[in-house]
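> Next input, structure requested:
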Amino acid sequence: VQLVESGGGLVQPGGSLRLSCAASGFTFSNHAMSWFRQISGRRREWVAVIGSTDGSTNYADSVKGRFTISRDNAKNTVYLQMNSLKPEDTAVYYCQTTTVVSGRGKEYWGQGTQVTVSS
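I've put the predicted structure just below:
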């Protein structure tokens with residue numbers, strides 16, 4: 001399993017970025033995908049999730065209404081569209097999935113992509 005994030009960078013407050021996570025090594029369409037973020041010195045926190053079959057979504061309160069998670073199963077890619085960015089959104093963003101083998105779940109993480117919101 002491999003997850004590779006891209007799309008991070010420096011953006012001014014109020015700006016937008018779209019993160020991508022390219023997945024391989026598992027049946028992407030059968031798995032829910034999540035985005036997490038880690039602010040320097042703090043625990044990693046969950047941001048958003050998208051379901052595998054119905055594409056249902058859920059968001060942390062801190063990003064609800066500003067961020068949108070989506071997926072393209074044909075491209076094995078999950079996205080995070082981030083609008084109205086705030087300095088407190090500055091973090092390393094990770095995509096994550098969990099596979100189940102022999103009844104046991106295993107988490108996989110990408111390497112992360114840095115998002116910096118600053119003027």
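> center of this protein, which residue is that?
Centrality entry for the chain: nearest residue to the mean C-alpha point is W35, 2.5 Å, by Cα atoms, centre = their mean.
> How about the contacts made by that residue?
Residues near W35 by Cβ atoms under 8 Å, 6 or more residues apart in numbering: 19, 21, 46-49, 69, 78, 80, 93-96. All C-beta spots, glycine's among them, are computed from the backbone N, C-alpha and C.
> and it, what helix or strand is that in?
Using DSSP states H and E, W35 sits in strand 33-38.
> next structured bit after that strand?
Past strand 33-38, the next helix or strand by DSSP H and E is strand 45-50.
> quick revisit: so who does the nearest residue to the residue nearest to the centre of the chain once chain neighbours are set aside touch?
For W35, ignoring the flanking residues on the chain, the nearest one in space by Cβ to Cβ, 6 or more residues apart in numbering is V47 at 4.4 Å. Residues in contact with V47 (Cβ under 8 Å, 6+ apart) are S34, W35, F36, R37, Y59, A60, V63, F67, L80, Y93.
> Now restrict the residues you listed to buried residues only.
Among the contacts of V47, the ones that count as buried by 16 or more other Cβ atoms under 10 Å are S34, W35, F36, R37, Y59, V63, F67, L80, Y93.
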